[in-house]
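Engineer: Turn this into a model:
(3 chains)
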Amino acid sequence: MHVSRPDLVPDAGLSREEMEALQREIAAAAVFEDDFAFDPRAVAASSSGLEEGTQTTLADSAAGSSSASSGDPTDAEPPVVVGVDQSFLTNDDGDQDRALSAVVATRGGEVIERAYAVTDLEIPYIPGLLSFREGKPILAALEGLSVDPDLLLFDGSGRIHFRQAGIATHMGVVLDAPSIGVAKSLLCGTPTEEADNLPEGTRVPIESNSRVDAPDGTLLGYAVQTRQYDSPNRYINPLYVSPGHRVGPETAADIVLECATSYKLPEPVRLADNYAGEAKRELQD
DNA sequence: GCGACAG
DNA sequence: ATCTTGTCGC
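Structural biologist: Modelled structure (predicted):
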């Protein structure tokens, strides 16, 4: 991949105030609406047809893309979707001193390439400043890919962030690549209604509140239920999906639902999660 | 001062 | 994020 905004690359040496100022710049440069060429409905489409298609019908694909066409750039060829996740390495004293970022590139539900990179940790985890701690290894791992990603899926927030510049937004803007944030817990913002125990496949809007640098009521993302139990006494928490860059909130939620197979996490992120753990063991054990 | 707080 | 076996429920 290519860094489009070297001036916005996360620098762990900045002061907290400078980091926050940089995030406001990133939020101003971010595009929280669809701005990409691929067909979002073709993300999970596999040549071997393994997805649990909920919206694509035979009629749709027949009308829009099936046979070898004359090279329409917006034709439904599966885009390259890359999942990104981190794990941490410990030194001889037992302290976390390095971050390992794993990236897994998929196309039509198939893994086409993987890569990972390790860099020294420079700062501790601080809510709201995650990209300054994990950004370096992420960019390094993405540089290691030979394929050019069409979409990046991150483990963390995008627009659902105090200054609307979560890790998915930060990386997306720096690379000028479409990106989506997939968090397992809510950093800030408020669900417009009860978001616990939602039916599978549904979503609830997450709007900005006083803790967010945006007018109250701004749509930041969605609580998305990719999987849910049948039983009445137990339930799965939703994922908090938000735009990173060049993807609108609805499309972000649509894509995450499309990428979910039999697990809660969208496949690219789940695969990156596994690879991060696998590479970690391989390096520590 | 108190509460909230991605990974 | 990470330390980790058993265990509840279908």
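Engineer: Could you show which parts of the stretch 151-285 of chain A are in contact with DNA strand B?
Structural biologist: A:155-157, A:161, A:166-168, A:181, A:183-188, A:211 (C-beta under 7 Å from any atom of the strand). C-beta coordinates here come from the backbone N, C-alpha and C atoms, glycine included.
Engineer: again, only this time at 6 Å
Structural biologist: By C-beta under 6 Å from any atom of the strand, the residues of the stretch 151-285 of chain A that approach DNA strand B are A:155-157, A:161, A:166-167, A:183-185, A:187.
Engineer: Next: the stretch 1-150 of chain A.
Structural biologist: When proximity is defined as C-beta under 6 Å from any atom of the strand, the stretch 1-150 of chain A approaches DNA strand B at A:86, A:125, A:127-131.
Engineer: rerun at 7 Å
Structural biologist: Counting by C-beta under 7 Å from any atom of the strand, the stretch 1-150 of chain A comes close to DNA strand B at A:85-86, A:125, A:127-131.
Engineer: and the residues of the stretch 151-285 of chain A next to DNA strand B, which are buried?
Structural biologist: Buried members of those, scored by 16 or more other C-beta atoms under 10 Å, are A:155-157, A:161, A:166-167, A:183, A:187.
Engineer: from the residues you listed, which are also near DNA strand C?
Structural biologist: Within those, those near DNA strand C by C-beta under 7 Å from any atom of the strand are A:Asp155.
Engineer: And the residue of the stretch 101-250 of chain A found nearest DNA strand C, how far from A:Asn197?
Structural biologist: Relative to DNA strand C, the nearest point of the stretch 101-250 of chain A is A:Ser231 (3.8 Å; C-beta to the nearest atom of the strand). Distance, A:Ser231 to A:Asn197, using C-beta to C-beta, to the nearest Å: 11 Å.
Engineer: More neighbours: those two, which one.
Structural biologist: A:Asn197 (14 against 7; other C-beta atoms under 10 Å).
Engineer: thought that one was touching A:Tyr235?
Structural biologist: Yes. With contacts counted by C-beta atoms under 8 Å, A:Asn197 reaches A:Tyr235, the gap being 4.2 Å.
Engineer: tell me the helices in the stretch 151-285 of chain A, going along the chain?
Structural biologist: For the stretch 151-285 of chain A, applying DSSP state H, counting those that start in this stretch gives helices covering A:167-175, A:249-259, A:267-284.
Engineer: The second one packs against which elements?
Structural biologist: Going back to what we said before, that points to helix A:249-259. Packed against helix A:249-259 by the contact rule (3 or more C-beta pairs under 8 Å, 6 or more residues apart in numbering; DSSP states H and E) you find strand A:151-155, strand A:179-183, strand A:219-224, strand A:239-245.
Engineer: quick one: strands adjacent to the third one?
Structural biologist: Using DSSP bridges, the strands paired with strand A:219-224 are strand A:203-207 (antiparallel), strand A:239-245 (antiparallel).
Engineer: Rebuild these as CSV, extending it with mean pLDDT and distance to DNA strand C.
Structural biologist: Converted to CSV, those look like this (pLDDT from 0 to 100; distance: least, C-beta to the nearest atom of the strand, whole Å):
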stretch, mean pLDDT, distance to DNA strand C
strand A:203-207, 98, 19
strand A:239-245, 98, 12
